[in-house]
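Chemist: got a sequence here, can you model it:
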Amino acid sequence: TRGFKTILKEFNIKIVFKANNTIQNLIGGAKDMIPELNCSGIYEVKCGNCECLYIGQTRRKIVDRFKEHLSHVKFQHPEKSSIAEHVLDNDHSVNVNNIKLVKKINDIRLLNAYESIFIYKNLGDNLLNLDRGPISNSCLFSVLPR
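Modeler: Modelled structure (predicted):
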């Protein structure tokens with residue numbers, strides 16, 4: 001690169017070299033990271049006793065949506081939540097350690113598509129979802145790897 005500088009100098013072009021190790025790069029941005037469960041997007045809840053899992057979406061904080069699932073268990077409303085149905089029917093359990101953010105999504109227009117994709121990728125006996133998601137019959141799913 002120093003040789004390149006010499007060549008360009010002949011054409012009266014000046015080059016300035018800049019180091020990549022700036023203070024900004026070393027310490028990172030000033031933004032605080034938002035904990036995963038305080039985000040909106042696609043989430044996965046795994047049963048604490050078996051291999052079953054549930055894929056869901058929410059515009060709100062994932063932890064708030066999960067509390068609703070727990071409320072359906074507590075008040076014995078299996079018809080309101082596939083998670084509640086599984087927990088109550090099988091005497092299993094779930095807690096906050098069983099939740100995982102699968103995909104953070106801020107654009108709510110994308111929630112249905114991503115939920116359907118993740119449900120499709122996890123189709124099988126272990127999936128607790130009663131349906132295949134909001135966009136269930138798309139021919140595009142046939143080209144997705146599972």
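Chemist: which helices and strands sit right next to the lengthiest helix in the chain?
Modeler: Counting by DSSP state H, the longest helix found in the chain is helix 62-74. With contacts taken as 3 or more C-beta pairs under 8 Å, 6 or more residues apart in numbering; DSSP states H and E, helix 62-74 sits against strand 41-46, strand 53-58, helix 82-90, strand 99-104. (C-beta placed from N, C-alpha, C; glycine too.)
Chemist: and the second one with helix 82-90, angle?
Modeler: Calculated by axes from the mean of the first three to the mean of the last three C-alpha atoms, to 10 degrees, strand 53-58 forms an angle of 150 degrees with helix 82-90.
Chemist: so what touches strand 53-58?
Modeler: Applying C-beta atoms under 8 Å, 6 or more residues apart in numbering, the contact partners of strand 53-58 are 40-47, 64-65, 82-83, 86, 102, 105, 111-112, 114-115, 118-119, 122, 126-129, 133.
Chemist: same thing with the first one?
Modeler: Contacting residues not belonging to strand 41-46 are listed as 52-58, 62, 65-66, 69, 83, 94, 98-106, 111, 114-115, 118 [C-beta under 8 Å, 6+ apart].
Chemist: swap in 6 Å and give it another go.
Modeler: Applying C-beta atoms under 6 Å, 6 or more residues apart in numbering, the set of residues contacting strand 41-46 from outside is 53-57, 62, 83, 94, 98-105, 114-115, 118.
Chemist: hmm, residue 78 is touching residue 84, no?
Modeler: Yes. The pair residue 78 / residue 84 is scored as a contact, 5.0 Å apart, by C-beta atoms under 6 Å.
Chemist: pick out whichever of the two has more residues nearby.
Modeler: Shown here are residue 78 and residue 84; by other C-beta atoms under 10 Å, residue 84 has more neighbours (22 against 15).
Chemist: need the contact list for the nearest residue to that one once chain neighbours are set aside.
Modeler: Sequence neighbours aside, residue 72 is the residue nearest to residue 84 in space, at 3.7 Å (criterion: C-beta to C-beta, 6 or more residues apart in numbering). If a contact means C-beta under 6 Å, 6+ apart, then residue 72 has 80-81, 84 as its contacts.
Chemist: also residue 19?
Modeler: When the contact criterion is C-beta under 6 Å, 6+ apart, residue 19 has no partners at all.
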